[in-house]
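Undergrad: coords please:
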Amino acid sequence: TDVVELDVRIKHMNIVAQAQAHALKATALVRIGHNKQRLLRMSAAKFRAALSDNPLDRATLCALAHTLDLLGEFDDADRCYTRAITLDAAASANKPHAAEPGDALDDFNVMFNYALFLEKHHLYDKAETYFFKSFYMNPNDTALSQHIGDFFSKQGKTKEAQMFYDFASTRVQVVVEEVWQNERRLFFPGASFDAKHLVHVPPWSDADFAPALEP
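TA: Model prediction:
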């Protein structure tokens with residue numbers, strides 16, 4: 001039952017340690033100097049405590065990775081992100097059955113956060129790979145397309161940048177059209193509208209991403 005499954009999941013979650021870790025990290029971000037470093041280290045310790053109960057929790061791994069990055073511990077942060085990426089979606093939620101739709105969002109968040117981490121440290125080639133993977137998982141995210149466009153633009157790759165800006169623009173146009181159609185239905189109930197033109201056909205193919213998506 002849902003209650004039994006929830007009990008199984010909660011049993012493997014150190015909720016108190018996670019809450020303390022996030023609170024310490026939030027406080028650290030508004031401090032400076034020694035106090036900031038001290039609070040970040042306390043936060044990292046709490047994230048590690050949470051992981052000791054559930055080492056397969058990818059969200060906590062990413063949170064720890066970001067905290068370690070703020071502490072300047074690049075190698076340890078990179079290892080946390082890499083572990084989060086390699087964990088199986090179903091295993092991370094401690095479910096013996098197939099992955100659920102929410103797991104796909106977890107996959108996207110891990111990939112995107114790692115791409116941002118790599119971009120921050122000027123590892124552009126590797127960051128590009130993970131931005132492509134993030135986009136492939138969530139092609140309708142306008143903000144993501146715009147960010148990737150900016151990423152390429154800063155490197156002088158205008159062709160790639162324009163491609164992602166076009167993706168973002170196309171998605172915005174589709175959303176505006178969907179809103180307009182819904183308003184027509186609201187004010188003209190019972191009217192028949194041909195929605196075929198609303199079907200969004202992405203202006204790319206898998207071949208466009210093949211090099212970036214190779215293991």
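
Undergrad: Tell me which stretches of the protein form helices.
TA: Counting by DSSP state H, the chain forms helices over residues 2-11, 15-28, 33-53, 58-70, 74-86, 89-92, 101-120, 124-137, 142-154, 158-187, 206-213, given from the N-terminal end onward.

Undergrad: Mean neighbour count, these: which tops it?
TA: Per-residue neighbour counts averaged over each of the helices of the chain give the maximum for helix 58-70, namely a mean of 23 (mean count of other Cβ atoms under 10 Å). For glycine as for every other residue, the C-beta is placed from the backbone atoms N, C-alpha and C.

Undergrad: so residue 121 makes contact with residue 72?
TA: No. The pair formed by residue 121 and residue 72 falls short of the contact definition of Cβ atoms under 8 Å, at 10.9 Å.

Undergrad: Have a look at these two and say which one is more surrounded.
TA: Neighbours around residue 121 and residue 72, counted as other Cβ atoms under 10 Å, are more numerous at residue 121. The numbers are 14 against 10.

Undergrad: what separates that one from residue 157, distance-wise?
TA: Residue 121 is 19 Å from residue 157, where distance means Cβ to Cβ, to the nearest Å.

Undergrad: So for residue 113, what's the nearest residue that isn't a sequence neighbour?
TA: Among residues not flanking residue 113 along the chain, residue 62 sits closest, at 5.2 Å (Cβ to Cβ, 6 or more residues apart in numbering).

Undergrad: show me the residues around the one you found that make contact.
TA: Contacts of residue 62 were listed using Cβ atoms under 8 Å, 6 or more residues apart in numbering, and they are 80, 81, 84, 109, 110, 113.

Undergrad: let's see it at 7 Å
TA: For residue 62, the contacting residues are 81, 84, 110, 113, by Cβ atoms under 7 Å, 6 or more residues apart in numbering.

Undergrad: Just give the nearest non-adjacent residue to the third one, would you?
TA: Leaving aside its chain neighbours, residue 110 sits nearest to residue 84 (4.9 Å; criterion: Cβ to Cβ, 6+ apart).

Undergrad: wait, what's in contact with that neighbour?
TA: For residue 84, the contact set (Cβ under 7 Å, 6+ apart) comprises 58, 61, 62, 110.

Undergrad: could you dump those residues to CSV with distance to residue 47 and pLDDT?
TA: CSV is the format used below for the contacts of residue 84 (distance: Cβ to Cβ, whole Å; pLDDT from 0 to 100):
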residue, distance to residue 47, pLDDT
58, 12, 90
61, 8, 94
62, 10, 95
110, 15, 92
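
Undergrad: any low-confidence regions in this structure?
TA: Applying pLDDT under 70 to the chain picks out residues 1-13, 88-105, 172-215.

Undergrad: rerun that using 80 as the cut-off
TA: Low-confidence segments of the chain, defined by pLDDT under 80: 1-14, 88-106, 171-215.
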